[in-house]
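>>> Mind folding the following:
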Amino acid sequence: NHPAVLYRAALRMLQGGKTEEAAGLLEKVLTTLSQTSSPEVERFGPAARSRLHGAWMAVGQQAAVSGDLKKAAASFQRAREIAPTSSARVTATFRLSELHLAGKNPALAVGALQSLLESDPEMVVEGMRLTDRVREKVRVILDYAGRDLYLPFERRAGENLEEARRTGAPEKLIRIFRAFPNSQAGELALLEAASLYGRAGRSEEEMALLRQFIRDFPDSSRRGEAEVSLIRTLESKESHAAAAMLLRKMIREEGARQVVDGGRTLSVKEFARLRLESEVYRRALSVRAEGALKPPLKNVLTHLEKAFPEGAPLLLRGEAPASASSRAFMNYGGVIKAFDLSTGREAWTLRLGGTIRFASWHEESLMVATDTLLGRVDPTGGRLEWKYVSPMPMRGHALVGNHVCFLSVEPERPDVAGISAVEVSRGM
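Numbering: from 1, shown residues only. Purely as a prediction, here's the structure:
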């Protein structure tokens, strides 16, 4: 019963292809270690757990190939229970769900996926929120099996929604959406959380949730409500260029669809036309056309840089917000400096630690990136609101809607490149 002896014996069995026998010995290792507080717990515990997870995954795969679905399901379930990491647990759960589908039991398939979300709605695996991955898998199952099998989870989501409403906390509502992303209660929770953020004056969080609602629930009867709320919030922040982009997109996609604005029911086309033709939009969208240089010119800023040998104006994409109209931005390699044109003084300095590869406006914020860092900056004070650190160099940045997309190679496969996207509002 000595853990070291059992562990070495299990390794020899694994090497000899006796995976199931090895799993039995590794189970005994963990049982023995659970009954002691000796240093061997730290020495063999994590390794034994990782080996055991791999062994049960292999046993399950072999059983599935041979057609023994019952044994395969039990093996994947055990692999899920003793998974050493969140990623390993997700992999085992996905495999278990696929096995239930192969056995023509979609209810168990959805149950396995749903239990994963309810245990940890905030889980992020490999840079992606688990909610997004599970939601799509459940959606595919419900599309062919019918929504009736989701009714137990819908009822539980509804009960949780009522409890969250009593707290008045938007974070509680968001958690319901992430735990039950395929439910009508989750849909309502997301929209209500956005409304609570708006009433609290937290417009960035409000807009992030409204955009997510529009993206995740394109067929919802409440989509128009979310779009109108987002347009109004953008207008309140004087982000008319971003609002205009959304209005034009709404026209292109479904101009005949109806929305309610101020108690009036209008077609999307009419709602967008009335706004785009208004004086405030005309004035806001004509700023760029009026930006041509006209003599006589006058000098408003002179700066002699002593700390950095070379610099150039920061090349910024997109349209600057009104809040940044009195700022000039300089690029000194891995350092950005902002100058206040009204006073002629330096406003702030931000050190990013690498050559700046990308800089773009997004509504009221400044998006910047080096080879390995992507961040959102408050242009008035220079505060880095969030940062995303990439394990591999990023190239080819592009701002697409509410995401910054870029190319990078996979850490473990440098010969394979992929496109990644980071959400502007949250940095995820």
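
>>> Show me which strand runs longest in the protein.
In the chain, taking DSSP state E as the definition, the longest strand is strand 413-423.

>>> Quick check: residue 231 vs residue 178, distance?
Applying Cβ to Cβ, to the nearest Å, the value for residue 231 to residue 178 is 26 Å. C-beta: built from backbone N, CA, C; applies to glycine.

>>> ok, now residue 63?
33 Å.

>>> More neighbours: which of those two?
residue 178 (23 against 20; other Cβ atoms under 10 Å).

>>> Just want to check the distance between that one and residue 162.
17 Å.

>>> in stretch 79-86, what's buried?
Using 16 or more other Cβ atoms under 10 Å as the test for burial, stretch 79-86 gives 79-80, 82-84.

>>> Kindly report the same for stretch 170-182.
In stretch 170-182, counting by 16+ other Cβ under 10 Å, buried: 170, 172-182.

>>> what do you get for stretch 201-216?
203-214, 216.

>>> do the same with stretch 309-316
311, 314, 316.

>>> If we ignore the residues flanking it in sequence, what's nearest the first one?
Meaning residue 311. Once flanking residues are discounted, residue 311 sits nearest to residue 332: 4.4 Å by Cβ to Cβ, 6 or more residues apart in numbering.

>>> Might one say that that neighbour is in contact with residue 314?
No. The criterion here is Cβ atoms under 8 Å, and residue 332 misses it with residue 314 at 9.4 Å.

>>> Show me the shaky parts of the stretch 201-350 of the chain.
286-292 (pLDDT under 70).

>>> What ranges does it have for its strands?
258-261, 264-267, 312-313, 327-331, 335-340, 345-351 (DSSP state E, counting those that start in this stretch).

>>> which helices and strands does the last one pack with?
In this case it means strand 345-351. Contacts defined by 3 or more Cβ pairs under 8 Å, 6 or more residues apart in numbering; DSSP states H and E place strand 345-351 against strand 335-340.

>>> Now do the buried residues in whichever helix or strand residue 100 is part of.
Residue 100 is part of helix 86-102 when elements are defined by DSSP states H and E. Of all the residues in helix 86-102, those buried under the rule 16+ other Cβ under 10 Å are 88-97, 99-101.

>>> what's the helix or strand for the nearest residue to residue 22 once chain neighbours are set aside?
Spatial nearest neighbour of residue 22, chain neighbours left out: residue 13 (3.8 Å); criterion: Cβ to Cβ, 6+ apart. Assigned by DSSP H and E, residue 13 belongs to helix 3-15.

>>> can you list contacts of that helix?
The contact list for helix 3-15 (Cβ atoms under 8 Å, 6 or more residues apart in numbering) reads 19, 21-22, 25-26, 28-29, 32-33, 40, 43-44, 47-48, 51, 55.

>>> buried stuff in that helix?
Using 16+ other Cβ under 10 Å as the test for burial, helix 3-15 gives 3, 6-7, 9-11, 13-14.

>>> just stretch 56-69 next, same as before
For stretch 56-69, using 16+ other Cβ under 10 Å, the buried residues are 56-61, 63-64, 69.

>>> What separation do you get for the nearest residue to residue 370 once chain neighbours are set aside and residue 220?
Nearest residue to residue 370 in three dimensions, chain neighbours excluded: residue 354, at 3.3 Å (Cβ to Cβ, 6+ apart). Distance from residue 354 to residue 220, counting by Cβ to Cβ: 42 Å.

>>> Settle it for me: which of the two has more neighbours?
Legend: neighbour count by other Cβ under 10 Å for residue 354 and residue 220, higher for residue 220 (17 against 14).

>>> wait, what's in contact with the more buried one?
187, 213, 226.

>>> Where does the prediction get shaky in the stretch 51-200 of the chain?
For the stretch 51-200 of the chain, the ranges with pLDDT under 70 are 126-128.

>>> So which residues of it form helices?
Taking DSSP state H, counting those that start in this stretch, the helices of the stretch 51-200 of the chain run over residues 69-81, 86-102, 106-119, 130-145, 151-167, 170-179, 184-199.

>>> can you tell me which of those comes nearest to residue 364?
The closest of the helices of the stretch 51-200 of the chain to residue 364 is helix 184-199. By Cβ to Cβ, the value is 15.7 Å.

>>> Would you mark the buried spots in the closest one?
Within helix 184-199, the residues that qualify as buried by neighbour count (16+ other Cβ under 10 Å) are 184-198.

>>> and it, C-alpha only, in CSV?
C-alpha atoms of helix 184-199 as CSV (Å, rounded to 0.1, in the frame of the first residue of the first chain):
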residue,chain,number,x,y,z
GLN,A,184,-35.3,32.5,-21.8
ALA,A,185,-34.5,33.5,-18.2
GLY,A,186,-30.8,33.9,-19.1
GLU,A,187,-31.9,36.1,-22.0
LEU,A,188,-34.0,38.3,-19.7
ALA,A,189,-31.2,38.4,-17.1
LEU,A,190,-28.7,39.8,-19.5
LEU,A,191,-31.0,42.6,-20.7
GLU,A,192,-32.0,43.5,-17.1
ALA,A,193,-28.3,43.5,-16.0
ALA,A,194,-27.6,46.0,-18.8
SER,A,195,-30.5,48.2,-17.6
LEU,A,196,-29.2,48.2,-14.0
TYR,A,197,-25.7,49.2,-15.2
GLY,A,198,-27.3,52.0,-17.2
ARG,A,199,-29.3,53.4,-14.2
